[in-house]
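In: Take a look and give me a structure for this.
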Amino acid sequence: MALQAGDVFGRYELVSWLGRGGMAETWRAQLVGDAGVTKPVLIKKVLPEYANDEAFISMFISEARISATLSHGNVAQVFDFGRVDGEYFLAMEFVDGQPLHRVLKRAMKSDLGALPIPIAVFIAMEMCRGLHYAHTRTDSSGRQLGIVHRDISPDNVLLGYEGQIKIVDFGIAKAQLIRGFKTAPGVVKGKYLFFSPEQARGEDVDARTDVWATGVVLYELLCGKLPVEGPPHMVMMRVGRGEIPAPSVLRPDLPKELNDIVMKALTPDREQRFESSHAFGDALAGFLYSNFPRFSSMTIAHLLRVLFRGDLAQEGRELSVPGSFLEELKAWRAQAAPEEPVTPVPVTQRQTRRIRAVTPPVTETTETTQPRSIVASSETSRPLLYGLSAGGLMVVGASLWLLMDTQSATPVSAAPPPTPIRAPVTVETRPPAPVVPPEDKKEVASAPTDAPTDAPADEFIGSRTSAISIHDSIKAIQTEVLRRSREGDLDGAFRLAKDCEARVPKVPECHLMLGIVHARRKEFKESEQHYKIFLTLTPEGYPKRDLVLHALTKMPMNNPPP
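Out: Residues are numbered from 1 along each chain as shown. A predicted model of the protein is given here:
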């Protein structure tokens, strides 16, 4: 018979059903003592289908027995565990608040984008403190217990309306993962996104696995997206190779010091990571209090009270929020808020950014001079076109690869600069934001001039970005396509170029890259098709247009052997 609110479950009275997870259902309950004394608790009742799994139950009991000894301000304490009517359960501390994943989602829906920097850093810092306490616990003889959570994610972190930050599920993480890997892969569905490389390989794990997962959580809090997403095999492969874009790519306002801290936590080789959660937390504390010396846990409390005001009102509760915090929240929202969008212009802003003077009006002289600059730049590259393989592969591709790798030949566009625009950090996957012109320099002053070339370009198209221009996004793709091509990875280069076309089909550079990659793969018909699309999408005088026209004349299909 299914349990209902008001039922008695052992020593506990069930108050309300909260939800069902992969291996347990959760109830808000209260311990009823003598003289009517009650204590609120959270009951996690193991699902019936697990009751007959002896290996799981044995591990569950063993881990629960250890976790019941944990007592720290950043760990939700386990008060009791046992069995009622054949069903195993944990009774743990009830945190009056919300799970971190709900806080992040609510923040992104309330014009904040991702979490403000000091809030994200404080949460991760407190997580590190709780984890370090658990990692260093010893038994009565002084021997370390070797506790590793193994399942750190926003689902397992609770934030309280009074500013508390608590990690939960130390007692079931190991049992859940063992059950999940051996008998029911669906149990840990989605959690692979937080697995460390060594965890994904099935190796023994230690405290540094939790350092990695905490780094992933911090990355998501700062950027509004995970560092790597996709099917399990792709995530594992990219994580193992260290193909993780720096968070500053998605959030250009991120200070370099914080960016470096996050990336150290996400180093694939655990020997190069922070050696402990304490070291990670100490680095975060140094950054936080150097830049935000007056930050306190009450900021967390006030944020939750604002984000979940409606939920609290439904419970008949109204928690106070000071006006000073509301002003700070307003400033954070203003930083993330987009201005009115405009139609993107062709991506030709590299030299425009360097010119502070007003661009002179377009006259007959400027119209006739500009094409000459393009012709001149292509003429300097034409010896490459004529002096290479007669088979056509290098003839079609070489000089375009050269132009893709240089900026000096790019002319100044005659088009007027667009209205300034900033893109917020959002949940949805959408094409990159329009070009950010020089007038927005103050708002994106900390943005890198060029996206890092060692980050996988897959992440730059369709990312949830903040003030990243379409120019920089496409340039990052071009850089990565060029690098992979030079290394002989034409399939990888093609995949990136194809993804660019799929995400932003009206951007001519995507078709230029596809034309080049197809040519190098000797797929000349497809190459010609994309070159022609490039020409259709670009006006007269567009950079590289003259060279594409010339390359088309050198296609093997247009030059049959005599």
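In: What about Ala91? Give its phi and psi, please.
Out: The phi and psi values for Ala91, taken as degrees, to the nearest 10, are phi -110, psi 120.
In: Dump stretch 241-256 to CSV, keeping only the CA atoms.
Out: Extracted in CSV, the C-alpha atoms of stretch 241-256 (Å, rounded to 0.1, in the frame of the first residue of the first chain):
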residue,chain,number,x,y,z
ARG,A,241,41.6,14.5,-23.6
GLY,A,242,41.1,17.7,-21.6
GLU,A,243,39.0,19.3,-24.4
ILE,A,244,37.2,21.7,-22.0
PRO,A,245,36.7,25.3,-23.0
ALA,A,246,37.8,27.8,-20.4
PRO,A,247,34.8,29.4,-18.5
SER,A,248,36.1,32.8,-19.6
VAL,A,249,35.2,31.9,-23.2
LEU,A,250,31.5,31.7,-22.2
ARG,A,251,31.7,34.4,-19.6
PRO,A,252,34.2,37.1,-20.7
ASP,A,253,33.7,39.1,-17.5
LEU,A,254,35.3,36.3,-15.5
PRO,A,255,38.6,37.4,-13.8
LYS,A,256,41.6,35.6,-15.0
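In: Just give me how far that stretch sits from the chain centre.
Out: 9 Å (C-alpha atoms, centre = their mean, to the nearest Å).
In: Tell me the buried residues in it?
Out: Within stretch 241-256, the residues that qualify as buried by neighbour count (16 or more other C-beta atoms under 10 Å) are 243-254. Using the backbone N, CA and C atoms, a C-beta is placed for each residue, glycine as well.
In: excluding its backbone neighbours, what's nearest Arg270?
Out: If the residues on either side of it in the chain are set aside, Arg270 comes closest to Arg208, at 4.3 Å by C-beta to C-beta, 6 or more residues apart in numbering.
In: meant to ask about Phe308
Out: Gln98 (6.1 Å).
In: Assign that neighbour to helix, strand or coil.
Out: strand (DSSP: H, G, I helix; E, B strand; the rest coil).
In: same check, this time on Arg83
Out: strand.
In: so who does it touch?
Out: Phe89 (C-beta atoms under 8 Å, 6 or more residues apart in numbering).
In: Ser58 and Leu131: what is the separation?
Out: Using C-beta to C-beta, to the nearest Å, Ser58 is found at 25 Å from Leu131.
In: more neighbours, these two?
Out: Leu131 (29 against 11; other C-beta atoms under 10 Å).
In: did I read that right, Tyr88 in a helix?
Out: No - applying three-state DSSP, one finds Tyr88 to be strand, outside a helix.
In: in the sheet, who's paired with it?
Out: Tyr88 has the following beta-bridge partners by DSSP bridges: Arg83.
In: Contact partners for it?
Out: 45-46, 50-51, 57, 60-61, 81-82.
In: hmm, which of those residues are the buried ones?
Out: 45-46, 50, 57, 60, 81.
In: taking those one by one, which sit in strands?
Out: Members of the buried ones among the contacts of Tyr88 lying in strands (criterion: DSSP state E): 45-46, 81.
In: The stretch 1-150 of the chain: strands as residue ranges?
Out: Per DSSP state E, counting those that start in this stretch, the stretch 1-150 of the chain carries strands over the ranges 8-9, 12-20, 24-32, 38-46, 78-84, 87-93, 97-99.
In: Packed most tightly, which of these would that be?
Out: Greatest average neighbour count among the strands of the stretch 1-150 of the chain goes to strand 87-93 (a mean of 22), per mean count of other C-beta atoms under 10 Å.
In: who's in contact with Gln335?
Out: Asp253.
In: Helix or strand: which one has it?
Out: helix 323-336 (DSSP states H and E).
In: domain assignment for the protein?
Out: 8-93, 97-336, 352-558 (automatic domain parsing).
In: What mean pLDDT does the longest one get?
Out: On average, the pLDDT along domain 97-336 is 90.
In: That one: how far from the chain's middle?
Out: 12 Å.
In: And the pLDDT for Asp499?
Out: At Asp499, pLDDT is 82.
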